[in-house]
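take a look and give me a structure for this.
(2 chains)
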Amino acid sequence: GAVVSQHPSWVICKSGTSVKIECRSLDFQATTMFWYRQFPKQSLMLMATSNEGSKATYEQGVEKDKFLINHASLTLSTLTVTSAHPEDSSFYICSARGDGYTFGSGTRLTVV
Amino acid sequence: RKEVEQDPGPFNVPEGATVAFNCTYSNSASQSFFWYRQDCRKEPKLLMSVYSSGNEDGRFTAQLNRASQYISLLIRDSKLSDSATYLCVVSSGYALNFGKGTSLLVTP
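Residues are numbered from 1 along each chain as shown, chains lettered A, B, ... in the order given. All right, here's what the predicted structure looks like:
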């Protein structure tokens, strides 16, 4: 079946640094990739939608200059958390739309 | 009002019990409905889609009532391995909207 590979699975970084998260669709072309964030005991919240070759669409309240999304190819989308702060610590997960929705395995980001 | 609302639980049930989860959604234009399962610190995994006619997959039965904007999941003969968080998910044909999830703990 469809597989989305997400890396890294976990990362610890210092406050003020940037972190890049990659999602690759391994056996299908993902024209649309969704990026979610999940805080403890909360639901997955959609942050942004990226379409290959065009600018991402951000949900209300999500800073586009802080969460940079690039979807340069049909198999790769990246999310860069710029100037990370402790409040950005969360579980970030991507989902690619093919026949259905396929999720990456998530990235647990801890900013210290 | 949240788009998808669920009772967070936790539901603690003994092995073999039957347990039911409910969910309501606010967007009447929603087109697709799902139950996902999420284990601790893992990605959500699709358990089953939900159809108006109701559908069953082994011990799991899902129901959808579009008029009431209500979705349910019934788990029969609970197993220890069913312990997880169950996410009610709704889509209007775009991204998925997740409920907070209902936590289930099946005990020996």
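
check A:N70 and give its pLDDT.
pLDDT for A:N70: 91.

quick check: the gap between B:F60 and A:M33.
According to CB to CB, to the nearest Å, B:F60 stands 29 Å off from A:M33. From N, CA and C alone the C-beta is placed, and that goes for glycine too.

between the two, which has more neighbouring residues?
A:M33 (28 against 17; other CB atoms under 10 Å in any protein chain shown).

excluding chain neighbours, what is closest to the more buried one?
Take A:M33 and drop its neighbours on the chain: the residue closest to it by CB to CB, 6 or more residues apart in numbering or on different chains is A:S77, 3.9 Å away.

contacts only, for the residue nearest the centre of chain A.
The residue lying closest to the centre of chain A (CA atoms, centre = their mean) is A:W35, at 4.2 Å. Listed by CB atoms under 8 Å, 6 or more residues apart in numbering or on different chains, the contact set of A:W35 reads A:46-50, A:67, A:69, A:77, A:79, A:92-95.

those strands in the chain, which residues are they?
Let's take chain A. Under the criterion DSSP state E, chain A contains strands at A:4-7, A:10-13, A:19-25, A:32-38, A:45-51, A:57-58, A:67-73, A:76-81, A:90-97, A:101-103, A:107-111.

that was the other one, I meant chain B.
Counting by DSSP E, the strands of chain B are B:4-6, B:11-14, B:19-25, B:32-38, B:45-49, B:55-57, B:60-65, B:70-75, B:84-91, B:96-98, B:102-107.

ok, which of those comes nearest A:R24?
Using CB to CB as the measure, strand B:45-49 is the one of those that comes nearest A:R24, at 18.9 Å.

can you name the residues bridging to the spatially closest residue to B:L96 that is not a sequence neighbour?
Setting aside the residues directly before and after it, B:L96 is nearest to B:V89 in space (CB to CB, 6+ apart), at 5.1 Å. On the basis of DSSP bridges, B:V89 is bridged to B:F34, B:F98.

report the contact partners of B:V89.
B:4, B:33-36, B:44, B:96-99.

for these, which two are the farthest from each other?
Longest distance between any two of these is 14.5 Å, between B:F33 and B:P44; criterion CB to CB.

ok, back up a step: measure the residue nearest to A:M33 to B:T102 for me?
30 Å.

name the nearest residue to B:E5, sequence neighbours excluded.
B:T24 is the one closest to B:E5 (CB to CB, 6+ apart), at 5.1 Å.

which residues of chain B lie near chain A?
For chain B, the contact set with chain A under CB under 8 Å from any CB of the partner chain comprises B:4, B:8, B:41-46, B:87, B:94-101.

right, and A:H71 touches A:N51 too?
Yes: counting by CB atoms under 8 Å, A:H71 touches A:N51, with 6.4 Å between them.

residue numbers of chain A in contact with chain B?
So chain A meets chain B at A:34, A:36, A:41-46, A:49, A:91, A:93, A:95, A:100-101, A:103-106, A:108 (CB under 8 Å from any CB).
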